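# generate coordinates for the sequence data below:
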Amino acid sequence: MSKFKIISILGLAIIFAVGISFTGCQAEPEVITETVTETVTETVTETVTETVEVEEEAYAYYETLKVHAQDTDDPYPDNPAEGHTIAYTDIMGGIPFCNNVYGSVQKEWELAGGADSDLYYADNQYDATVGLQNADILLAKEPEVLIWFQFDSKVNSIVAQKYGDAGIPIIAVDVPVPGAPFMGVNNFKVAYMAGEEAIKRVEEQGGIDTIDKIILMQMPAGGEVVMLRSEGFYQAFVDEYGADVIDPMTIRADGGAGEAEQANAAMSDVLTSIPDAENFVLTSVNEQTMDGCISAVQTAGRWDPDKWIVITQGVDDVGKAQLREGLTDAGVGYFPERYGEYLIPAVSAYLNGELPPPFMYVENEIITPENIDEYYTE
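Alright, predicted model coming up:
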């Protein structure tokens, strides 16, 4: 055999051997990858499951009482509120939403074994100064827990400091208080829900090109979290149509602290600034604000239900009337008449050495003139 043939045969043998070696190297990572992926997936799943179980165990007392409150009107097991004192403040006494919330708190407090005389009440009157005064008055009574419902985020920070120094826990309603558990709505979520409902109606009438302006009647005094109650509405439109389309047509206005009179003045200013606009989408932080907005539109002679898509937040007694009268197209239901079913179990947890969850969000539904009787009969 010639040297050339021997060398050729050896060369082929080497190439074949190297090829096998390379093939082996390529195959091994596939096996390792699958093994690692399975191991990581199992570890993550186990960790998430364990975390959820720990959280459920941490708030088991609260969850037990909440389920009881939601399922029955029977007295709470073992009367957890008996012999204890708490304080409650209204953001604005007398308006339907607040009446419903406080009525629910009173009902659940009694079912939990609490005495009427041990439930201290104060009305913050949509006024920051009054809120601070009420905080001091109630602090002097030394309640064991404070349920705090007040719109001004700065005042809430001051109150958090005072009650923290006194060792009295706070449960915040609808507007956050630093360091306190929050009970109310997930503001971004409900605003996004409202935005999606508005978009559905925009599409039914021909698309975004049929709209001149989107008006967000906001409440900056409530802080960043409350601002999400309208910014989520805006984001739904951006996600659907793009910021380049939505930004030029969006108007943000300060509607005040949530009262009709302040909102009326703000809406009048908005309408004056856009005299040629005819077709609108409008939302606001609550239905008292919306009441003022609609009144301003009517006074300006620019009200035509066919040219306004109006979505509200709350669906209290004012909101129900707006829906039934054809003034609004839909509202996100907060069910304020159920707030006590979250608040008193949370209070009871504190009173019995347990903790409530850091966030207690109510369940929400879109309520329209077509389905309102499914939730509220006249």
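# where does pLDDT dip in this protein?
Residues of the chain that meet the criterion pLDDT under 70 lie in 1-56.
# OK, contacts around the spatially most central residue of it?
When CA atoms, centre = their mean is applied to the chain, the residue found nearest the centroid is Asn186 (1.3 Å). Asn186 makes contact with Phe359, Tyr361, according to CB atoms under 8 Å, 6 or more residues apart in numbering. Glycine gets a C-beta too; all of them are placed from N, C-alpha and C.
# how much space between it and Gly232?
Distance check for Asn186 against Gly232: by CB to CB, to the nearest Å, it reads 9 Å.
# need the overlap of contacts for these two.
Shared contacts of Asn186 and Gly232 (CB under 8 Å, 6+ apart): none.
# quick check, Ile251 in a strand?
Yes: per DSSP: H, G, I helix; E, B strand; the rest coil, Ile251 lies within a strand segment.
# touching, it and Asp212? I think so.
No: applying CB atoms under 8 Å, one finds Ile251 not in contact with Asp212, separated by 10.2 Å.
# what residues do those two have in common as contacts?
Counting by CB under 8 Å, 6+ apart, the residues touching both Ile251 and Asp212 are Ile274.
# ok so, going back, so how far is Thr129 from the residue nearest to the centre of the chain?
Taking CB to CB, one finds Asn186 at 30 Å from Thr129.
# same check, this time on Tyr361
30 Å.
# who has more neighbours out of those two?
The residue with more neighbours, out of Tyr361 and Thr129, is Tyr361; 15 against 11, by other CB atoms under 10 Å.
# confirm for me that that one is in contact with Val185.
Yes: with contact defined as CB under 8 Å, Tyr361 and Val185 form a contacting pair (6.5 Å).
# can you map out the strands along the protein?
For the chain, the strands defined by DSSP state E occupy 86-90, 119-123, 145-148, 170-173, 182-184, 213-218, 250-254, 280-284, 308-314, 330-333, 359-361, 365-367.
# what's the last one in contact with?
Strand 365-367 is contacted by residues Met193, Ala194, Glu197, Val315, Gly319, Leu323, Ala330, Gly331, Val332, Gly333, Tyr375 when judged by CB under 8 Å, 6+ apart.
# among the residues you listed, name the buried ones.
Neighbour-count burial (16 or more other CB atoms under 10 Å) applied to those gives Met193, Ala194, Glu197, Val315, Gly319, Leu323, Ala330, Gly331, Val332, Gly333.
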